[in-house]
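Starting from these lines, generate the structure:
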Amino acid sequence: MPQSPSQISSPRVSSLLCSTLLAGVALSVLPTVALAQTADTDETETVTQPIEVTASAGAASGLAGGVSIDQEEIDRQNPQTIKDVFANEPSVQSGGPTAISQKVYIQGIENTKLNVQVDGTRQVDSTFHHIGTAIIDPAMLKSVDVESGVSPADAGPNALGGSMFYETRDARDILENGESFGGWAKLQYNSNTQGFAEWLTLAGQHENVEALAYIKNSNQGNYEDGDGNEVTGTADGSESGLGKLAFTGNDGGRFEVFASHLVDEGVRPVRPNFASLPGRTTQPQWLSYTDTSVGISYVDEMPTDMLAPEFSLNYSKTHLDVPKLDDTTHIESEIETLNGKAANTFDVGMGDLTAGVDFYHDEATGGGDTARSAGQAGRFTETSTNIGVFSQARLSLTDRWRVSFGGRGDQQWFEGIDGTDFSEFGLSGNANTEFDVTDNVMAYGGFGTTFGGLPLGESAIYNYSAIWDYTGFSPSRSYNAKLGSRVTLQDWAFDGNLFYNLIDESHDLSTSDRNTTVDLDTRGVNLSATYTYGPGYVRAGYTHTNVKSDGAVPVSTSASYQGVIVGDIINIDAAHSFDAYGVRVGGNSELALSDDSPEDNGSDELDTYFVANLYAEWVPDTLNNAVTLRVDALNIFDRDYVARTTTGYDNSNVEPYHEPGRTFLVSAKVDF
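Now for the predicted structure:
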């Protein structure tokens with residue numbers, strides 16, 4: 001079973017963690033020694049490819065016990081927001097029905113406690129605790145990889161609860177071999193919002209050069225919930241775009257430049273993650289959120305044993321404008337981050353060793369034009385700079401035994417809005433193993449500890465209710481463990497694991513006392529079963545996740561940037577293809593069981609809810625398989641419910657968002 005905090009801190013486990021740290025740091029400075037030791041051997045083993053993970057029907061990448069979602073799975077879901085991407089993953093929950101309100105939770109931990117990247121661009125989501133932390137257009141996603149809890153050292157810094165990587169598509173993902181130009185256009189109608197959304201993707205390639213351009217426009221009205229009530233502030237008028245330019249040399253070196261821009265503007269509640277606050281007279285108002293990212297990267301797609309370099313440099317800027325919070329204050333937030341990475345992967349005979357350096361510089365500026373209690377107004381800035389050195393080994397010790405272990409050291413410099421300076425150094429380490437007990441049974445496990453550093457505070461409210469105080473401000477640290485097994489029997493695949501995550505002194509970013517922290521721990525079990533047969537599959541996933549904040553049940557409205565109640569959730573999805581007719585049908589469902597945890601805080605028990613969705617798509621052979629017609633029937637039973645991790649679901653003083661009622665999405669996509 002997952003260990004308790006006292007067990008985690010026992011001398012024996014502490015010794016193991018320290019050994020991991022020392023081994024990882026040693027690897028960071030000794031890759032050439034490993035190469036020298038293997039240079040004299042003629043025999044090299046093939047590196048074991050990353051295994052398929054829990055609850056993933058297609059090929060996956062990452063450590064056992066994580067979550068990987070590939071392009072086929074994403075296309076099958078037809079996701080409208082990032083919440084839909086994880087609809088079949090019970091260990092990954094996303095609350096809030098609108099993109100501007102959605103926050104993602106990994107095993108009960110908010111994704112702000114993870115290292116999150118989109119195409120290598122660091123995501124810093126501490127603008128305003130009433131804003132979502134996963135405002136991403138999912139239509140161009142190629143894959144999503146989540147390392148739950150135990151994260152590899154080369155994933156990046158501050159991965160307290162794990163790491164999360166979103167990758168978008170390239171031109172070569174759109175074009176067939178030999179094609180010089182192509183793309184797709186899509187039009188979709190939403191019966192609930194009575195609005196349209198349009199997508200257009202263009203891709204071209206000539207010799208060694210390729211380019212891609214993508215735009216999306218959405219024009220939706222407010223939706224109605226399962227009781228037929230119009231939910232104010234849910235209209236979607238977002239726009240997004242993505243551009244990529246790449247050059248691949250004859251020697252395999254690939255340079256890629258990308259730029260993306262997302263705008264979400266509209267009339268929202270002043271606290272966009274609440275439907276309303278009973279007793280308050282504040283009316284919905286105009287709110288603007290923009291996100292712009294640019295980046296450049298280099299990888300060698302024809303590497304040698306000693307040289308497989310990777311370089312990246314990325315910049316991101318988010319801007320939030322709330323003109324009139326509570327009819328008194330105009331608040332504004334802007335966060336800029338510059339991050340980069342330089343690494344090389346060495347073939348050491350038994351597998352790979354990746355070593356390198358990464359960095360980031362974050363700058364957050366914000367505040368209100370009037371300060372409600374602080375007695376001062378203006379714009380204030382926090383900055384954080386970090387340089388990390390890392391190494392991660394992924395080895396096949398025998399035909400049946402695989403290991404992955406590594407470490408990193410991070411040096412951080414932090415400056416508060418009052419000029420207070422901090423300099424912190426920390427080590428992180430991890431170790432994972434997979435062992436094939438038989439040809440059909442694989443056991444796996446892992447543990448690690450991560451230096452969390454000093455996070456940026458919530459910039460929209462710098463000095464808003466009180467003068468910010470950095471007394472006692474100190475880094476957080478996490479301890480993570482997992483233990484599981486995987487069984488494959490002909491057409492069946494089973495996976496189950498126990499997990500435990502503890503973040504010691506997890507920072508509250510939304511308080512003027514910057515040393516306000518909690519000890520956040522999550523523990524539980526994840527189970528999945530998949531049956532695959534020729535043209536289809538059936539899959540079921542279950543999670544039991546218990547989340548505690550300083551030993552107590554968290555409240556979603558006061559646990560921003562921390563964790564929320566998850567409880568027991570079951571997901572089932574299935575698909576079947578009628579290849580002779582070009583037809584595919586499928587559906588998924590979510591069952592959230594009742595939970596009495598909120599009663600500890602004086603709130604009502606969470607009710608059980610069940611929601612189901614169906615879809616059918618047709619690719620007519622008579623149109624050269626270039627047209628896809630699709631109908632999605634969402635919430636087919638027209639249930640009125642609040643999703644389990646939507647903010648306010650466990651607080652009787654807040655009216656949380658109810659999910660959309662029965663909705664039909666009718667779309668036509670043309671590939672050219």
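
Look up which helix or strand the residue nearest to residue 149 when sequence neighbours are not counted falls in, please.
The shortest distance from residue 149 to any non-neighbouring residue, by CB to CB, 6 or more residues apart in numbering, is to residue 480 (3.7 Å). Just so you know, the C-beta spots here come from the backbone N, C-alpha and C atoms, and that holds for glycine as well. Secondary structure assigned from DSSP states H and E places residue 480 in strand 476-489.

so what strands line up beside that strand?
Here strand 476-489 is paired, per DSSP bridges, with strand 441-453 (antiparallel), strand 492-507 (antiparallel).

any chance of those strands in CSV, plus distance to residue 156 and mean neighbour count?
Formatted as CSV, the strands paired with strand 476-489 follow (distance: least, CB to CB, whole Å; neighbours: other CB atoms under 10 Å):
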stretch, distance to residue 156, mean neighbour count
strand 441-453, 10, 23
strand 492-507, 17, 22
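
about what we covered before: starting at the chain centroid, how far to the strand holding residue 480?
18 Å (CA atoms, centre = their mean, to the nearest Å).

for residue 422, what are its contacts?
412, 413, 414, 415, 416, 454, 470, 473 (CB atoms under 8 Å, 6 or more residues apart in numbering).

bridging residues for the fourth one?
Residue 415 forms beta bridges with residue 383, residue 421, as assigned by DSSP bridges.

check contacts around it.
Contacts for residue 415 (CB under 8 Å, 6+ apart) come out as 382, 383, 384, 421, 422.

Try it again at 10 Å.
Contact criterion CB atoms under 10 Å, 6 or more residues apart in numbering gives 363, 381, 382, 383, 384, 385, 421, 422, 470 as the residues in contact with residue 415.

who wins for neighbours among the residues you listed?
Compared across the contacts of residue 415, residue 382 has the highest neighbour count, 27 neighbours, by other CB atoms under 10 Å.

Would you confirm that that residue contacts residue 463?
No. Applying CB atoms under 10 Å, one finds residue 382 not in contact with residue 463, separated by 11.3 Å.

who touches both of the two?
366, 417, 418.

if I read this right, the second one contacts residue 464, doesn't it?
It refers to residue 417. No. Counting by CB under 10 Å, residue 417 stays clear of residue 464, with 11.4 Å between them.

Pull up the overlap in contacts between these two.
Common neighbours of residue 417 and residue 464 (CB under 10 Å, 6+ apart) are 366, 367, 380.

in the sheet, who's paired with the first one?
This points to residue 366. residue 333, residue 380.

how long is stretch 261-275 end to end?
Length of stretch 261-275, first residue to last, CA to CA, to the nearest Å: 27 Å.

What mean pLDDT does that stretch get?
Mean pLDDT, computed over stretch 261-275, is 88.

Now that stretch: buried residues?
Within stretch 261-275, the residues scored as buried using 16 or more other CB atoms under 10 Å are 261, 262, 264, 266, 268, 269, 270, 271, 272, 273, 274, 275.

which residues in the stretch 201-350 of the chain form strands?
209-219, 239-248, 253-268, 285-300, 309-325, 329-347 (DSSP state E, counting those that start in this stretch).

can I get those in CSV with distance to residue 399?
Output for the strands of the stretch 201-350 of the chain, formatted as CSV (distance: least, CB to CB, whole Å):
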stretch, distance to residue 399
strand 209-219, 39
strand 239-248, 35
strand 253-268, 33
strand 285-300, 29
strand 309-325, 29
strand 329-347, 18
